[in-house]
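K.L.:
The sequence and its predicted three-dimensional model are supplied below.
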Amino acid sequence: MTAPPPGCPAHGSSGPALRRLFGAEAESDPMGLYERLRREHGTVAPVLVHGDVPAWLVLGYHENLEVMRSPSRFSRDSRRWHALQDGKVGPEHPLAPIVAWQPICVFTDGAEHERLRGAVTASLDRFNGRGVRRHITRFAHQLIDDFTTDGRAELVNQFAEQLPMLVMTQLLGMPEKYGPRLVEAARDMIQGTETAVASNAYIMQLLGELVAEKRVAPGPDFASWLIEHHSNLTDAEAEQHLRLVLIAAFETTANLIANTLRRLLTDRNLRSSLAARGGHLSLPDAVEQVLWNEPPFTTILGRWATGDTELGGQHIKGGDMVILGLAAGNVDPAIRTDPDDPDDGSANSSHLAFSGGPHECPGRAIGRAIADTGIDVLLTRLPDLHLSVPDSELRVNSSLMSRHLVELPVEFTPGPKQPEQSAPYLPVTPPAQRQPESASESGQPADAAGPGTEAADTAAGPRRRRWWRRLADWLRRPAG
């Protein structure tokens, strides 16, 4: 067991030896920063977050799982954080909307966590997978209709960011008109900008109005089911869990769609590996590789040590913040010798992209459904889609928790708009047919049990199989 280096959180100092997870170095090359930290400190590294507040970043795959699966050692209750207790992270701190304790399942453990998370998962399980996919398909067509006759589009702003918010506002029971403004506020809040607190306040105002409305006039939607659940959530608890589901689904799914489209349009290795599989192309396989190599959240804040402990050879003091390094863990040399090799296991779902343990993302199946279905609809409508700028001109913005593509300009053969579709009905799944609440109950990865899986895609029939063959032919074309 090694002694912590000077300036690490255990010493209560922010010495010059510590690297920042914000600023120029982190924003220009976060993956390079993670590898430098791995070389300097091993699988767990002392770092600084905004305001030069010390923390620990977990870089190892197995160490990340250890933290995720050990709530008795690493709690989700941020009130344990000495930086909050000492006033170093106050209400106006950029990270306050993310780390300040709230009455939601992600900040609780034990029985209270089970009560709150049970309300969320039970309410999500009431959605029928096919009904959700019909909504995704309808919104995807609507977005494509806005630019299909132009022959060009910018897919981050016009598709990847809009689709998840349109779907989630529908599932939550919110008016569709809220979508565009919520996209801006959600992105701002996640990035921890100077206006993050104001953006969070705007989102909470809308959700407060939604809860008040659904108390009086419930409907077949997530907000109503959450309120009606036997856990008897208070208005504050309901509002906070609506925000949790809305923001988590938006950020992860928007990034996943954009990253997958970019890789399909630019990555020669991915094209070759998919084409080399005898033409049996699987879009879910491609999405899994993106979840391994470019997870929507690069880090997750945070866990807080319940007492003095050891992790990855480092001394962690009680009250220290531990940050899950999802992107770094996914490329840990201990489990992946060559992240660019498509046969290194990255087609499976054992990545860290959706976290793990008792706080694993409960909405991962819906997020995968939005990504898989949305991309499928887009490439079916626009089969000759290609970049309108060189790969080198694509820009990525990085923040503490995520990296997102700024723009994805494309061109294609203009096509007609789809006939206007009426809003599909979202049938409720009967209790006997609902999926188990966790992966451990079913014996399968969580995303194997919900919508958006390869099995569901295969069941879609001959039209989808013809689409796979067309895309396989397209991917075999030389890039450029």
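P.N.:
Structure's in. What do you need? Residues are numbered from 1 along each chain as shown.
K.L.:
excluding its backbone neighbours, what's nearest the residue nearest to the spatial centre of the chain?
P.N.:
Closest residue to the average C-alpha location of the chain: Thr252 at 2.3 Å, with CA atoms, centre = their mean. Counting by CB to CB, 6 or more residues apart in numbering, Pro296 is the residue found nearest to Thr252 once chain neighbours are left out, at 3.8 Å. Where C-beta positions appear, they are placed from N, C-alpha and C, glycine not excepted.
K.L.:
next one: Thr306
P.N.:
Ser75 (5.1 Å).
K.L.:
Contact partners for the one you found?
P.N.:
Ser75 is in contact with 109, 303-306, counting by CB atoms under 8 Å, 6 or more residues apart in numbering.
K.L.:
Also Leu143?
P.N.:
158-159, 162-163, 166.
K.L.:
List buried residues within those residues.
P.N.:
158-159, 162-163, 166 (16 or more other CB atoms under 10 Å).
K.L.:
And the host helix or strand of Arg263, how far out from the chain middle?
P.N.:
Per DSSP states H and E: Arg263 is located in helix 235-266. Centroid separation for helix 235-266 versus its chain: 5 Å, with CA atoms, centre = their mean, to the nearest Å.
K.L.:
How many residues are close by Arg126?
P.N.:
For Arg126, the number of neighbouring residues by other CB atoms under 10 Å comes to 19.
K.L.:
Could you give the separation between the terminal residues of stretch 59-72?
P.N.:
21 Å (CA to CA, to the nearest Å).
K.L.:
Oh, that last question was meant for stretch 220-235, not what I typed.
P.N.:
Stretch 220-235 has an end-to-end distance of 18 Å (CA to CA).
K.L.:
related to what we said a few turns ago, okay, and the beta partners of the residue nearest to Thr306?
P.N.:
In this entry, Ser75 is beta-bridged to Trp304, by DSSP bridges.
K.L.:
quick one, strands of the stretch 201-350 of the chain?
P.N.:
For the stretch 201-350 of the chain, the strands defined by DSSP state E, counting those that start in this stretch cover 300-305, 309-311, 314-316, 321-324.
K.L.:
quick one: low-confidence parts of the stretch 151-300 of the chain?
P.N.:
179, 190-193, 270-281 (pLDDT under 70).
K.L.:
again, only using 90
P.N.:
Low-confidence segments of the stretch 151-300 of the chain (pLDDT under 90): 165-166, 169-170, 174-203, 243-252, 267-289.
K.L.:
Also the stretch 351-480 of the chain?
P.N.:
In the stretch 351-480 of the chain, residues with pLDDT under 90: 357, 360-365, 376, 379-380, 383, 396-404, 418-480.
K.L.:
wait, doesn't Leu256 sit right on Val287?
P.N.:
Yes: applying CB atoms under 8 Å as the test, Leu256 and Val287 come out as touching, 6.9 Å apart.
K.L.:
which residues are in contact with both of the two?
P.N.:
Residues touching both Leu256 and Val287 (CB under 8 Å, 6+ apart): Ala371.
K.L.:
Stretch 395-412: end-to-end distance?
P.N.:
OK, stretch 395-412 end separation, CA to CA: 21 Å.
K.L.:
ok so, going back, among the contacts of Ser75, give me the pair with the biggest separation.
P.N.:
Greatest spatial distance in those: Asp109 and Ala305, 13.0 Å, computed using CB to CB.
K.L.:
For the two, indicate the residue with more neighbours.
P.N.:
Taking other CB under 10 Å, Asp109 and Ala305 do not tie; Ala305 has more neighbours (24 against 17).
K.L.:
Which residue in the contacts of Ser75 has the weakest pLDDT?
P.N.:
Lowest in pLDDT among those is Asp109, which has 92.
K.L.:
ok, now which ones touch it?
P.N.:
Taking CB under 8 Å, 6+ apart, we find Asp109 in contact with 71-72, 75-77, 358.
K.L.:
Most neighbours of all those, which one?
P.N.:
The contacts of Asp109, ranked by neighbours (other CB under 10 Å): first place Ser75, 21 neighbours.
K.L.:
Distance of that one relative to Gly318?
P.N.:
10 Å (CB to CB, to the nearest Å).
K.L.:
tell me, what's touching those two both at once?
P.N.:
Joint contacts of Ser75 and Gly318 (CB under 8 Å, 6+ apart) are 305-306.
K.L.:
thinking again about what came up before, relative to Pro409, which of the contacts of Leu143 is nearest.
P.N.:
Comparing those against Pro409 with CB to CB places Gln158 closest, at 10.1 Å.
K.L.:
Now do the strands in the stretch 1-150 of the chain.
P.N.:
Secondary structure of the stretch 1-150 of the chain (DSSP E, counting those that start in this stretch): strands at 19-20, 44-49, 53-58, 74-75.
K.L.:
what lines up beside the first one in the sheet?
P.N.:
Read that as strand 19-20. Its sheet considered, strand 19-20 pairs with strand 44-49 (parallel) by DSSP bridges.
K.L.:
How far away from the center of its chain is the partner strand?
P.N.:
With CA atoms, centre = their mean, you get 22 Å for strand 44-49.
K.L.:
go on, stretch 104-111?
P.N.:
On the basis of CA atoms, centre = their mean, stretch 104-111 sits 19 Å off its chain's mean C-alpha point.
K.L.:
got the buried residues for it?
P.N.:
Buried residues in stretch 104-111, counting neighbours by 16+ other CB under 10 Å, are found at 104-109.
K.L.:
What of stretch 311-321?
P.N.:
Going by neighbour count (16+ other CB under 10 Å), the buried part of stretch 311-321 is 311-312, 314-317, 319-321.
K.L.:
Torsion angles phi and psi at Asn232?
P.N.:
Dihedral pair for Asn232: phi 50, psi 60, per degrees, to the nearest 10.
K.L.:
Same question for Pro416.
P.N.:
Main-chain dihedrals, Pro416, degrees, to the nearest 10: phi -80, psi 160.
K.L.:
I'd assumed His141 was in contact with it.
P.N.:
No: Pro416 is beyond contact range of His141, at 11.5 Å (criterion: CB under 8 Å).
K.L.:
Looking at the two, which one has more neighbours?
P.N.:
His141 (18 against 9).
K.L.:
my guess is the more buried one contacts Arg381, does it?
P.N.:
Yes: counting by CB under 8 Å, His141 does reach Arg381; the two are 7.5 Å apart.
K.L.:
Common neighbours of these two, please.
P.N.:
Gln418.
K.L.:
if we can go back for a sec, can you lay out the contacts of Asp109 as CSV showing distance to Arg133?
P.N.:
Converted to CSV, the contacts of Asp109 look like this (distance: CB to CB, whole Å):
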residue, distance to Arg133
Pro71, 34
Ser72, 39
Ser75, 37
Arg76, 32
Asp77, 37
Pro358, 28
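K.L.:
secondary structure class for Ile370?
P.N.:
Under DSSP: H, G, I helix; E, B strand; the rest coil, the three-state class of Ile370 is helix.
K.L.:
Quick check, it in contact with His135.
P.N.:
No: taking contacts as CB under 8 Å, Ile370 lies outside contact range of His135: 9.4 Å.
K.L.:
Identify the residues contacting Trp328.
P.N.:
Quick fix: residue 328 reads Ala, not Trp. Each residue near Ala328 by CB under 8 Å, 6+ apart is listed here: 31, 34-35, 37-38, 57-60, 298.
K.L.:
what's the pLDDT at it?
P.N.:
96.
K.L.:
Please apply the same query to the one 10 residues further on.
P.N.:
Note on Asp338: pLDDT of 72.
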